[in-house]
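Student: predicted model follows, preceded by the sequence.
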Amino acid sequence: MPRNHQRFKHLHLNLNLISISFFLLSTLLITTIQSTTASIFHRSPTRHHNRNNYNPYKTYNYKTTNTNDTELFSSTFTSNHLSQLRNETANLFQYAWTNYLTHGFPFDEVKPIQCKPNKPDFEDIENKVRNDVMGNYSVTLIDNLDTLAIMRNHTGFKEAVELVRLTYTDFAIDTNVQVFEANIRVLGGLLSAHLYASDPRFGMVIDGYDGFLLRLAYDMGQRLILAFGNPDSAIPYPRVNLKNGPSGLPSSLMEAQCTAGVTSLILEFALLSRLTGDSIFEDVTKDIGRSVWSMRSKLNLLPMTIDVRSGQHVDKFTGVGASIDSFYEYLLKYAVLFDDDEFMMMWQDSYRALLTHSQDSLGSFFNVHVSTGVQVTEWLDSLAAFFPGLQVLAGDVSNAQLNHLLTLKLWNYYGCVPERWNFDGQRSQGFFQHLGRPYREGDLADGFDKETTDQLLFKNSIGLEWYPLRPEFVESTYYLYRATKDPFYLRIGEAIVQKFKDEFLAPCGFSGVQDIRNGVRQDRMESFALSETLKYLYLLFDESNVLHHGDTSGTNALFSTEGHVFWFDEDVKKYDLVAELDDQDNDNDNGNGDGHTGSNNNKEAKTTNNNEPNTLGYFQRFFKDQTPKFNTRKAFIDFKQHYRSTHPNSNSNSNPRTNHHSQVQPKLVHEMTNLNKLDLKLNPDYLHLTTCAVSTDRSFFGSSSFSEQRNDQNNWWLSSKVLQQNSKLYQLDENYAMSLRRPPYLLNNLELELKSEFYDIFCGVGVGSGSGIGDKDSDVGLCVCDAIPDTHTIEAIVDDSDHVSEVMIYELEVDPESDLNPDSSMNLNVNLDVSDNNTSGKGNDNGKYQTTSRLTKWFHKHESNPGAIALPGDLYLSDLSGIRITLEKLVVGQYDQFGDLITSEYLEQFNPNPNTNPNTNPNTNPNPKQPQDQGQDQDQDQEEDDVSEKTEQEQEQPAALRIVKLNGLKIPKNVMIWVNLQSPRFNDSRNGGSGVMLSSNGHVLLSGVVTENLKVWIG
């Protein structure tokens, strides 16, 4: 129980004089402990603060390092520079940590501007903003134990663990907490710290450590699992009272649960089961995960909110952000951590559904209706920024990079990530109807001047206006750097560190932004600002961290949703706490008072390292006896017995619904005639969900760093591929010109990637001849981007949307059993990278193919084969029914999604006429490039202006269509989609129905318009 005034504040007024005496004595003890906390950690407060001098607009400039800022933010990213950034991040953490211990501990948080403790709101029990997170259990302390370990602060880690021992014997605390938050911050923090303190492979073992952190975690787990004792449905209560269980809480706190809150306990609970030998935690959370997954729609999408009493969803939309985010995260991470095939398949099905229905053609994910896949909200919330990191963990790096760009744009424009951003501009569109065309940057609202127009657009772009130093953008940046080693992501981290120093720094920690519209500061520092945001920043710059190298690189170590490091294998020490507590139950006749199960059951845990009596534990037991008793231990045992009796098959691996993609349908293998003759085979994993785009010759966290390569002066060709090769880098600015707006106080901010020190180095600007980069005295370098596309796209579902999750799509790949492949064990993936700049398969601008080994042999063998109309990397559909596609309208004079100018000559080859060669697989025209101009708008050709000035009604009918996305897959350049001639759609058209038709050269016509990359397989 924590040492704080609030514990004693709510004692009954009729306490006798002895109780009052103990109250005064304990208050004196707390004051003494608070005043000596800094000396325990060999730290002292940075300075004296005037706690009443609260200015929410003020910026501060406290010196946290001796490094010169010019040197610190030089963007060179050599080994020495990364060390400086890493050390500076550690200094920033230590600054906030010391201030928390001085001004906040033993309470949950410190107010960084007023330098006061931040506590639960005992006056308003329904204040969810404060009470859901702050449980009066020193959350900042426990949430950051493993942060100290990751930063290799041996002394700080040991002393913080000892401070937990001195402060807590159990969590019998009379506060109402949200189960989800207590699980990820406190239970997760204890488990991770226990692993670090006990596993020598990670270099942070504490001598004499007896496992008391795990016993505390077990105590917390027993209190939280009581939320599953809901008599009305299988859905757990969202909140519990840590001392008295879930009963007695007001109905307003117990009515609704988000999907993430219900399903995101499984990682911590399962690890707790594996470490303690008590399987109930894993069984319960695994069962609820299966149960919720069975409630998905026919599109394999889950709504966000569940009614606790009925157990049914009460809304109909979904996405990847708040209320649903960690559902997906824990499907994948549970499967990885515990090698679980069932949950891996659930992840793959859910991710396939998101790619198909929630992801747009530029790689971002938005909220859609679970039954139709139609976009239903105008906003994107900040928590969705975590998803690129999860995509990297799943092996889908190319989609992760695309998705990450939108959050980068938000950071560049707003100086942070708004809690909600209104992306579609619908609130502002009515002000520009007088233009008769889509909005372009610089247009004025009807009757408004430029200043007022800018204010209008900026105000309408903000859905929720705060930024509480959330970690999701940094987290995804870290993952992407580990996967790509692109210095682009180091530059993002460097800019965020500078932001912490220059803008987020406060007298007693770091404060976020309360209102992005005017820059008002937020007087709160949540625990995740240290346990996640600064942790991921530190790891981004720390190449030598034990997580990236050494004995741990072969483990299954991963991060929880709160950034805690978990791992589990046969070398992890396990404790049989079930037997230990059973023995204690027999000795104590079901326990004393609360029936606590924490470390005070261990004799060693009752004393400090100096053998001083644990006086606080005495006060806990005394005051605990003054109130009616709720025996947590007995309630937990009763819950286990009831659950076992009602869930006899809780350990089964049954899944209520069949996975439609788990096996190839044998009959389709022979549907494409000449397939065997072409040495091709059908691969059902067209999205590559079972493969990894990161090289498999090293661990994910390993490989040589960019700085190690950068230090080699002969490797000046090393550069940022994101900056140089991502032709879509600035298309988002054009697409969201109405919604990406800068606050008035940031109008002169430059995009972080365009900082001259970084841009000049990694785009090769002004590098002399002989360097291999750019032209001598050039101000352009290698960074070029496509012409902004002005074609229109449309979304379409062919046939009933209920069947979209069932259609079978295959990728053609070289048959590993053919004579072209002497090593049949190789798994060829022609098209691992489905991004627009793919060169690993086909799709080069000049139409040539970069081929090696089997592909080289394949092209040599079949280059003169008249039947070789299908190529490796093409796609095959057995039926046109049940597909969701994004179509691009190709009109002469416009630029397409690849930056190519569409010409009449190009489109003529698709027109159905007798002269068209049915075996033609056309290449697109060379791609005209434009140099980036460091964020400034470029003048367009008169031809572009003439086309763009036309209204949508005035646009010519498209001469052709192109499928740019098919059931979640972005279609690369030059990839052909083949459909079976026996598709019922063709039969419908022959019988006068509303089906599709064919051109004379085998191209499919949709609504009478030829489709460039969709042909019928005619054998």
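Tutor: Great, that's in hand. Numbers count the residues shown, from 1 in each chain.

Student: mind listing what's buried along stretch 514-534?
Tutor: By neighbour count with 16 or more other C-beta atoms under 10 Å, stretch 514-534 contains the buried residues 514, 516-517, 519, 521-534. C-beta: built from backbone N, CA, C; applies to glycine.

Student: and stretch 84-104, by the same measure?
Tutor: Of the residues in stretch 84-104, those buried under the neighbour-count criterion (16+ other C-beta under 10 Å) are 84-90, 92-104.

Student: among the buried residues of stretch 514-534, which are in helices?
Tutor: residue 528 (DSSP state H).

Student: point to the residue nearest the middle of the protein.
Tutor: Centre of the chain computed as the mean C-alpha position; nearest residue by C-alpha atoms, centre = their mean is residue 386, 2.0 Å away.

Student: quick one, what contacts it?
Tutor: Contact analysis of residue 386 by C-beta atoms under 8 Å, 6 or more residues apart in numbering lists 325, 329, 472, 475-476, 561.

Student: before we move on, what about residue 291?
Tutor: Per C-beta under 8 Å, 6+ apart, neighbours of residue 291: residue 234.

Student: phi and psi next, for the nearest residue to residue 420 once chain neighbours are set aside.
Tutor: Distances taken as C-beta to C-beta, 6 or more residues apart in numbering put residue 463 closest to residue 420, at 3.1 Å, once the chain neighbours are dropped. Main-chain dihedrals, residue 463, degrees, to the nearest 10: phi -90, psi -60.

Student: what two of the contacts of residue 386 are the furthest from one another?
Tutor: For these, the maximum inter-member distance is 13.1 Å, found between 476 and 561 (C-beta to C-beta).

Student: in stretch 68-80, what's buried?
Tutor: Under 16+ other C-beta under 10 Å, the buried positions of stretch 68-80 are 72-77.

Student: avg pLDDT for it?
Tutor: In this model, stretch 68-80 has a mean pLDDT of 93.

Student: dump that stretch to CSV, restricted to CA.
Tutor: Provided in CSV are the C-alpha atoms of stretch 68-80 (Å, rounded to 0.1, in the frame of the first residue of the first chain):
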residue,chain,number,x,y,z
ASN,A,68,26.5,22.3,-27.9
ASP,A,69,23.2,22.2,-29.7
THR,A,70,24.8,22.9,-33.1
GLU,A,71,26.8,19.7,-32.6
LEU,A,72,24.0,17.8,-31.0
PHE,A,73,21.6,18.4,-33.9
SER,A,74,24.1,18.2,-36.8
SER,A,75,22.2,15.4,-38.6
THR,A,76,25.5,13.6,-39.5
PHE,A,77,24.5,10.4,-37.6
THR,A,78,28.0,9.1,-37.2
SER,A,79,28.6,6.7,-34.3
ASN,A,80,29.8,9.7,-32.2
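
Student: give me the more crowded residue out of residue 476 and residue 561.
Tutor: residue 476 (27 against 24; other C-beta atoms under 10 Å).

Student: pull the contacting residues for the more buried one.
Tutor: Each residue near residue 476 by C-beta under 8 Å, 6+ apart is listed here: 385-389, 392, 400, 404, 407.

Student: what's the first helix or strand after the helix or strand containing residue 428?
Tutor: Residue 428 is part of helix 426-429 when elements are defined by DSSP states H and E. Next in sequence after helix 426-429, counting helices and strands by DSSP H and E, comes helix 450-461.

Student: what comes up buried for that next one?
Tutor: By neighbour count on 16+ other C-beta under 10 Å, the buried set for helix 450-461 is 453-454, 456-458, 460-461.

Student: can I get those in JSON lines with pLDDT and distance to residue 182?
Tutor: Shown next, in JSON lines, are the buried residues of helix 450-461 (pLDDT from 0 to 100; distance: C-beta to C-beta, whole Å):
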{"residue": "453", "pLDDT": "97", "distance to residue 182": "47"}
{"residue": "454", "pLDDT": "95", "distance to residue 182": "44"}
{"residue": "456", "pLDDT": "96", "distance to residue 182": "43"}
{"residue": "457", "pLDDT": "97", "distance to residue 182": "41"}
{"residue": "458", "pLDDT": "97", "distance to residue 182": "38"}
{"residue": "460", "pLDDT": "97", "distance to residue 182": "37"}
{"residue": "461", "pLDDT": "97", "distance to residue 182": "35"}
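
Student: between these, which is closest to residue 224?
Tutor: residue 461 (39.0 Å).
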